[in-house]
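Visitor: Dropping a prediction and its sequence here:
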Amino acid sequence: EAQVTQNPRYLITVTGKKLTVTCSQNMNHEYMSWYRQDPGLGLRQIYYSMNVEVTDKGDVPEGYKVSRKEKRNFPLILESPSPNQTSLYFCASSSSPDSPLHFGNGTRLTVT
Amino acid sequence: DAKTTQPPSMDCAEGRAANLPCNHSTISGNEYVYWYRQIHSQGPQYIIHGLKNNETNEMASLIITEDRKSSTLILPHATLRDTAVYYCIVRVFYTGNQFYFGTGTSLTVIP
């Protein structure tokens, strides 16, 4: 089944403890991106990747890192999480920038 | 990418057509209109997209005005499972920085 898989689905952590949210797609898509969703603000793009080793900032990249060492994986790294990064995170992929996005089921992160 | 304006909420009776409007007055000639929906806190689901012609698929129809400054998503026979937040997005066909989702329209289908 074609899908975008995020892990974990839920994560509670403390301020400053590095964490990684994984994202994997099995559709051989070149394009991947990360979004965060907060009440009243909709979905905002954090980072995106056009292909392996090609990444760029979205609208809200501060406090996040990404890497794209292989096509299927696009992990989101929080080096020093803070409470304002408490949010619902979505990973998405598409075959090209102009194609519809396929989204994962989300990761709900709480930073205390 | 052009920004969009949608009503925050709408109701629709089950079995009736749901017409969801979107204003995108600053849209430029090469920007497509996309519609997605999000049920509860699941990942958004693609519905339909178009440039200037009206489009229809198995889920919905998209009507774009001639000046392209607004569009309407039509769910022809709304069901309870269509209750969701609907996002209207415009974006350039070839660009690296993808979709700006905004806050969408919360559609409630009433039995």
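Guide: Yep, it's here.
Visitor: show me the contacts for the closest residue to chain B within chain A.
Guide: For chain A and chain B, the shortest gap (CB to the nearest CB) falls at A:Phe103, measuring 3.0 Å. Every residue, glycine included, has its C-beta placed from N, CA and C. Residues counted as contacts of A:Phe103 (CB atoms under 8 Å, 6 or more residues apart in numbering or on different chains) are A:4, A:90-92, B:43-45.
Visitor: okay if I get those residues as a markdown table plus distance to A:Thr15 and secondary structure?
Guide: As requested, the contacts of A:Phe103 are exported to a markdown table (distance: CB to CB, whole Å; DSSP: H, G, I helix; E, B strand; the rest coil):
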| residue | distance to A:Thr15 | secondary structure |
| --- | --- | --- |
| A:Val4 | 29 | strand |
| A:Phe90 | 23 | strand |
| A:Cys91 | 23 | strand |
| A:Ala92 | 27 | strand |
| B:Gly43 | 27 | coil |
| B:Pro44 | 29 | coil |
| B:Gln45 | 34 | strand |
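Visitor: Could you dump those residues into TSV with pLDDT and neighbour count added?
Guide: Listed next are those as TSV, based on pLDDT from 0 to 100; neighbours: other CB atoms under 10 Å in any protein chain shown:
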residue	pLDDT	neighbour count
A:Val4	97	24
A:Phe90	97	27
A:Cys91	97	29
A:Ala92	94	27
B:Gly43	94	23
B:Pro44	93	27
B:Gln45	94	16
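Visitor: Could you work out the most separated pair of these?
Guide: A:Cys91 and B:Gln45 (14.6 Å; CB to CB).
Visitor: Let me see the mean pLDDT of the biggest strand by length in chain A.
Guide: The residue-count maximum for a strand in chain A (DSSP state E) belongs to strand A:42-51. When pLDDT is averaged along strand A:42-51, the result is 90.
Visitor: for that strand, the distance to its chain's centre please.
Guide: Mean-position distance between strand A:42-51 and its chain equals 7 Å (CA atoms, centre = their mean, to the nearest Å).
Visitor: residues of it that come out buried?
Guide: Neighbour-count burial for strand A:42-51 flags A:42-50 (criterion: 16 or more other CB atoms under 10 Å in any protein chain shown).
Visitor: Same question for stretch B:37-54.
Guide: In stretch B:37-54, counting by 16+ other CB under 10 Å, buried: B:37-38, B:43-50.
Visitor: So is it next to chain A?
Guide: Yes: Stretch B:37-54 comes into contact with chain A (CB under 8 Å from any CB of the partner chain), by way of B:41-46, B:49.
Visitor: Quickly name whichever of those is closest to chain A.
Guide: The nearest member of the residues of stretch B:37-54 next to chain A to chain A, counting by CB to the nearest CB, is B:Gly43 at 3.0 Å.
Visitor: ok, for that closest one, nearest residue in space, not its chain neighbours?
Guide: Counting by CB to CB, 6 or more residues apart in numbering or on different chains, B:Gly43 lies nearest to A:Phe103, which is 3.0 Å off, once chain neighbours are set aside.
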